[in-house]
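S.K.: would you be able to build a 3D model of this:
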Amino acid sequence: MTISLKELKNKSPMFISGYTNVIVPNSELPKKWNQSESFVTKKIVCPCGSKDFQLNSSQIVKIKGIFKKKEIVTHLAPLTTECPKCNSSALLLDPTRHGWSGEFGESASLVGENDPTPYAKETGEVLVNYSYQSFENYEDLQNEGISNLEDYFDTVTVYFKSGNGYVEVVSYVCA
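M.R.: As a prediction, the model looks like this:
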């Protein structure tokens with residue numbers, strides 16, 4: 001039996017399986033969001049029930065400018081979460097392990113070399129948007145006997161929502 005795109009999107013990939021996660025309807029998302037049929041957005045929730053997390057990212061800081069110095073911060077995976085309610089922490093995303101290329105051990109994604117540090121001073125909601133494009137490739141995987149198709153997403157974007165609304169933290173092509 002061949003899996004449908006809808007069935008695949010309803011499953012939870014390994015990278016969010018340690019969280020309770022809920023599909024967010026497109027009508028609740030900003031207009032400039034990846035909303036095509038092959039994308040799905042899920043809000044992650046701590047098993048304790050908290051929707052707020054301290055999101056941590058590996059960061060590269062560069063100072064630019066000659067007279068007026070400006071600090072430019074680039075956020076990279078790995079991303080981790082910490083729940084302020086129950087103090088649990090977990091790896092959220094590492095494209096060298098998660099997604100299509102991560103599953104095959106072939107990831108060429110740029111990841112940080114530094115330990116993850118807080119993305120923001122405040123806690124907020126974390127949403128993940130990922131896709132299953134070129135669906136015929138998933139049918140091929142299924143024919144090869146791969147059963148965890150949900151782990152083979154091909155793009156992923158992590159958003160942080162606080163008082164300032166939704167902010168894109170990282171986005172990776174995973175295939």
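S.K.: longest strand in this structure, please.
M.R.: strand 70-82 (DSSP state E).
S.K.: same question for that strand, mean pLDDT?
M.R.: Averaging pLDDT along strand 70-82 yields 93.
S.K.: again, but for stretch 154-164
M.R.: On average, stretch 154-164 scores 92.
S.K.: please apply the same query to stretch 46-55.
M.R.: On average, stretch 46-55 scores 97.
S.K.: which residues are in contact with that stretch?
M.R.: With contact meaning CB atoms under 8 Å, 6 or more residues apart in numbering, stretch 46-55 is reached by 18-20, 43-45, 79-86, 88, 92, 118-120, 123-126, 158, 160, 169. Just so you know, the C-beta spots here come from the backbone N, C-alpha and C atoms, and that holds for glycine as well.
S.K.: ok, now how distant is Phe135 from Thr81?
M.R.: 30 Å (CB to CB, to the nearest Å).
S.K.: so which of those two has more stuff around it?
M.R.: The neighbour comparison of Phe135 against Thr81 (other CB atoms under 10 Å) goes to Thr81, with 22 against 15.
S.K.: what's the closest non-adjacent residue to the more buried one?
M.R.: The shortest distance from Thr81 to any non-neighbouring residue, by CB to CB, 6 or more residues apart in numbering, is to Phe53 (4.3 Å).
S.K.: what kind of secondary structure is Ser50 in?
M.R.: coil (DSSP: H, G, I helix; E, B strand; the rest coil).
S.K.: count of residues packed around it?
M.R.: 15.
S.K.: would you map the strands across the protein?
M.R.: Under DSSP E, the chain gives strands at 20-23, 39-45, 54-64, 70-82, 89-93, 117-118, 125-131, 155-162, 165-173.
S.K.: tell me which of those sits most buried.
M.R.: Burial of the strands of the chain is given as mean neighbour count (mean count of other CB atoms under 10 Å); strand 125-131 ranks first at a mean of 22.
S.K.: just to revisit the earlier point, mind putting the strands of the chain in TSV, distance to Lys6 included?
M.R.: Output for the strands of the chain, formatted as TSV (distance: least, CB to CB, whole Å):
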stretch	distance to Lys6
strand 20-23	11
strand 39-45	10
strand 54-64	29
strand 70-82	27
strand 89-93	24
strand 117-118	36
strand 125-131	14
strand 155-162	18
strand 165-173	23
